[in-house]
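Q: Sharing a model prediction with you, sequence too.
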Amino acid sequence: GHPFRFFTLATVGLDQVARLRTVVLRHVSEDLKLTFYTDRRSKKITHIKENKRVSLLMYHPTKMFQIKILGTATYKDDEDTKKKYYEQLDPKAKRQYTTSRSPGSNLIHPDHLEYLNEENHFCTVEITPYKIEFLKLSQPHHTRVRFSKVGAEWESEYLVP
């Protein structure tokens, strides 16, 4: 139920156009790597193959703050990853990775979507942050801080909001 569970992911492929979509945050590791699941045939995977730099935007409406993350993305669709994550999914969620056609394909009608019985196109995407910006909207003034990864350490600096 946390507002950051659903966040905006931006990718830029070879066409140099920013593409935004909402994805579901599945895991955050102790070293701040963020993981979400997707269909390996999706455009976001194509864009990550073309340009691994991505942006994330999270917003907390009641606390009035946002977090913006710049990072590098990698995806995994090997059998070990599928066993670890895909098998934990609810059967209804698993079904979303078994469509016969790739995400974004033309469809005559939603009732005509076909599903595969044995095959799935599940994969995970892991984002490794290298910059994080925090913006708190408040009175008498807003607060904005940028954290930058330098080697193994994080450095911070205040920014004009």
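A: Perfect, I can see it now.

Q: how much space between residue 148 and residue 154?
A: 7 Å (C-beta to C-beta, to the nearest Å). For glycine as for every other residue, the C-beta is placed from the backbone atoms N, C-alpha and C.

Q: And the residue nearest to residue 115 when sequence neighbours are not counted, how far from residue 161?
A: Closest residue in space to residue 115, ignoring its immediate chain neighbours: residue 98 at 4.8 Å, by C-beta to C-beta, 6 or more residues apart in numbering. Using C-beta to C-beta, residue 98 is found at 45 Å from residue 161.

Q: And these two? Which one has more around it.
A: Between residue 98 and residue 161, residue 98 has the larger neighbour count (other C-beta atoms under 10 Å), namely 16 against 12.

Q: Tell me which helix or strand residue 38 sits in.
A: Secondary structure assignment for residue 38, by DSSP states H and E: strand 34-39.

Q: repeat for residue 20
A: strand 18-24.

Q: and after that strand, which helix or strand comes next?
A: Following strand 18-24 toward the C-terminus (DSSP H and E): strand 27-28.

Q: which outside residues touch that next one?
A: 34, 35 (C-beta atoms under 8 Å, 6 or more residues apart in numbering).

Q: May I have the strands that pair with it, each with its orientation?
A: In the sheet, strand 27-28 lines up against strand 34-39 (antiparallel) (DSSP bridges).

Q: Could you tell me the angle between the partner strand and strand 18-24?
A: 100 degrees (axes from the mean of the first three to the mean of the last three C-alpha atoms, to 10 degrees).

Q: With that, I have no additional questions.
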